[in-house]
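Q: quick one: sequence and predicted model below, then my questions.
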Amino acid sequence: MLEYVSGKEGVPKKKKRISTVYLQLVWNNLGVRPLRSTLSVVAISLQIFLILLIVGLTSGVLADWRARAQGVGADILVQPPNSSIFPAFTSAVIPQSVGDQISKLPGVARVASVLIVVDSHSFNVIYGIQYDRFTALSDGFTYLSGGPFQASNQAIADDLAAGSRHLRVGDTITLINRQFVICGIVLHGKGARFFIPMDTAQDIAGSSGRVSWIYVKSAGNTDGVRAQIVKLLPGYRVRSMAEYLTLMTSQNLPELRPFIRSFIGLGVAISFLVVLLTMHTMVLERTREIGILKALGSTKLDICWFIFVETLVMAVLGILAGLLITFAVCRLLHHTSPTLQIEIEPAWIVRAILLTILGSVAGGIFPAFRAAQSDPVDALAYE
């Protein structure tokens with residue numbers, strides 16, 4: 001049986017020496033195969049990157065759309081039956097005259113119809129609007145340069161869209177396969193990135209006399225006005241803006257959950273397989289060192305802990321690299337694509353870190369068990 005002699009601080013000297021050996025072996029093992037260790041760390045960092053970037057993009061897009069929908073200034077949103085909450089998937093099927101009917105209801109202050117079209121090249125959502133009615137919903141546009149429409153071939157761009165395309169007032173831009181002249185650049189946050197006259201949008205979409213959504217602003221009694229619209233338009237989706245905004249979260253969109261979970265599962269699988277392969281190879285290569293440790297008195301638990309420490313070191317390095325790569329890519333995307341919003345929540349950073357550690361530890365279980373079960377005599381004789 002191994003005996004320990006207490007040192008000055010009451011720590012067993014031999015145990016202390018073995019712990020020091022463990023730490024030296026951990027760093028030496030990572031440095032013996034620097035390329036393999038680097039690739040392992042990069043692969044682990046990929047899990048952090050995948051989870052945070054996908055969730056950040058999803059949350060950012062939804063948060064951006066919530067802010068823009070709220071910025072329109074309406075209290076109620078009227079959509080056609082069976083329509084999506086996303087504007088890009090909404091067809092122009094509402095008769096434009098419906099807006100006039102809603103405006104006659106008691107308690108209705110403002111009504112503005114919009115026709116939504118999506119540019120197939122840039123995937124930008126474009127609003128066809130009746131300028132006076134749309135701007136009356138709120139305080140109007142905040143112009144950074146230029147002014148309202150003066151012709152059917154003119155368009156208004158928000159500052160983010162203009163910045164990403166380096167647009168100025170008077171520049172020509174192709175939207176929906178048609179040439180438009182930028183007449184104004186406004187502060188972002190009013191629904192769409194680009195705005196064109198309603199008649200022009202209806203002509204392009206082949207939807208004469210029809211619109212996609214109707215924004216309604218009440219005189220104060222939002223619930224009462226909503227009830228009247230529901231009665232007037234049975235079958236239509238009539239939501240208060242507060243209700244609509246609560247739907248724009250990844251938790252309330254079941255279509256996004258499998259997508260996010262798939263990437264999370266892929267990230268965990270990557271870290272698990274990488275650690276399993278790396279640590280299993282390490283155990284095979286260091287059979288003699290493990291035998292020496294066991295001959296010096298290391299228990300099975302000590303050997304398992306030695307393997308897990310090296311696993312955690314790789315995981316921590318991978319986590320740090322993953323966070324660094326993620327924020328660097330986010331910064332680059334923000335610079336190159338200002339309209340692309342990425343929102344990384346602290347809660348998801350914690351989740352990504354915990355999932356990475358979980359996958360790494362799971363991958364180290366089998367190699368640690370294999371190392372602990374090795375016979376010291378056989379290990380010392382191993383060539």
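A: Nice, thanks for sending it over. Just so it is clear, the structure is predicted and the values come from calculations on it, not from any experiment.

Q: not counting its neighbours along the chain, what's nearest S360?
A: Closest residue to S360 apart from its sequence neighbours, by CB to CB, 6 or more residues apart in numbering: A315 at 3.9 Å. Bear in mind the C-beta positions are built from the backbone N, C-alpha and C, glycine included.

Q: that neighbour belongs to a strand, doesn't it?
A: No - A315 sits outside any strand when classified using DSSP: H, G, I helix; E, B strand; the rest coil, being helix.

Q: which of the helices or strands spans I126?
A: strand 125-129 (DSSP states H and E).

Q: and the strands in the stretch 151-300 of the chain?
A: In order along the chain, the stretch 151-300 of the chain carries the following strands (DSSP state E, counting those that start in this stretch): 154-158, 172-175, 178-186, 194-197, 210-211, 213-218, 237-240.

Q: can you put the ones you listed in a markdown table and add mean pLDDT and mean neighbour count?
A: Formatted as a markdown table, those follow (pLDDT from 0 to 100; neighbours: other CB atoms under 10 Å):
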| stretch | mean pLDDT | mean neighbour count |
| --- | --- | --- |
| strand 154-158 | 94 | 25 |
| strand 172-175 | 92 | 15 |
| strand 178-186 | 94 | 19 |
| strand 194-197 | 94 | 24 |
| strand 210-211 | 92 | 24 |
| strand 213-218 | 92 | 24 |
| strand 237-240 | 90 | 18 |
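
Q: out of those strands, nearest to T281?
A: With CB to CB as the criterion, T281 lies closest to strand 154-158 of those, at 53.7 Å.

Q: if you count contacts, what does that closest one end up packed against?
A: Secondary-structure packing of strand 154-158 (3 or more CB pairs under 8 Å, 6 or more residues apart in numbering; DSSP states H and E): strand 172-175, strand 178-186, strand 194-197.

Q: what does it contact?
A: Residues outside strand 154-158 that contact it (CB atoms under 8 Å, 6 or more residues apart in numbering) are 141, 146, 148-149, 165, 167, 173, 175, 180-190, 192-197.

Q: can you count the residues close to I303?
A: Residues lying near I303 (other CB atoms under 10 Å) number 22.

Q: likewise for N124?
A: Per other CB under 10 Å, the neighbour tally for N124 reads 20.

Q: so it is in contact with F195, correct?
A: No - in this structure, N124 is not within contact of F195 by CB atoms under 8 Å, at 11.1 Å.

Q: any idea how far V125 lies from A69?
A: As defined by CB to CB, to the nearest Å, V125 lies at a distance of 11 Å from A69.

Q: common neighbours of the two, please.
A: Taking CB under 8 Å, 6+ apart as the criterion, V125 and A69 both touch G191.

Q: report the contact partners of the residue lying closest to T200 once chain neighbours are set aside.
A: Distances taken as CB to CB, 6+ apart put S152 closest to T200, at 4.8 Å, once the chain neighbours are dropped. By CB under 8 Å, 6+ apart, S152 lies in contact with P197, D199, T200.

Q: what sits against the last one?
A: Applying CB under 8 Å, 6+ apart to T200 gives the contacts G128, S152, N153.

Q: need the pLDDT of it.
A: T200 is assigned 93 on the pLDDT scale.

Q: could you export stretch 257-268 as CSV, CA atoms only?
A: The C-alpha coordinates for stretch 257-268 follow below in CSV (Å, rounded to 0.1, in the frame of the first residue of the first chain):
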residue,chain,number,x,y,z
ARG,A,257,-37.6,24.7,-33.3
PRO,A,258,-36.6,21.6,-35.3
PHE,A,259,-34.2,23.8,-37.3
ILE,A,260,-32.5,25.1,-34.1
ARG,A,261,-32.5,21.7,-32.4
SER,A,262,-30.9,20.1,-35.5
PHE,A,263,-27.9,22.5,-35.3
ILE,A,264,-27.6,22.1,-31.5
GLY,A,265,-27.6,18.3,-32.0
LEU,A,266,-25.1,18.6,-34.8
GLY,A,267,-22.8,20.7,-32.6
VAL,A,268,-23.0,18.3,-29.6
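
Q: next, the buried residues of that stretch.
A: By neighbour count on 16 or more other CB atoms under 10 Å, the buried set for stretch 257-268 is I260, F263, I264, G267, V268.

Q: stretch 320-329 now?
A: Within stretch 320-329, the residues scored as buried using 16+ other CB under 10 Å are A321, G322, L323, I325, T326.

Q: would you turn those residues into TSV with secondary structure and pLDDT?
A: Shown next, in TSV, are the buried residues of stretch 320-329 (DSSP: H, G, I helix; E, B strand; the rest coil; pLDDT from 0 to 100):
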residue	secondary structure	pLDDT
A321	helix	92
G322	helix	90
L323	helix	93
I325	helix	92
T326	helix	92
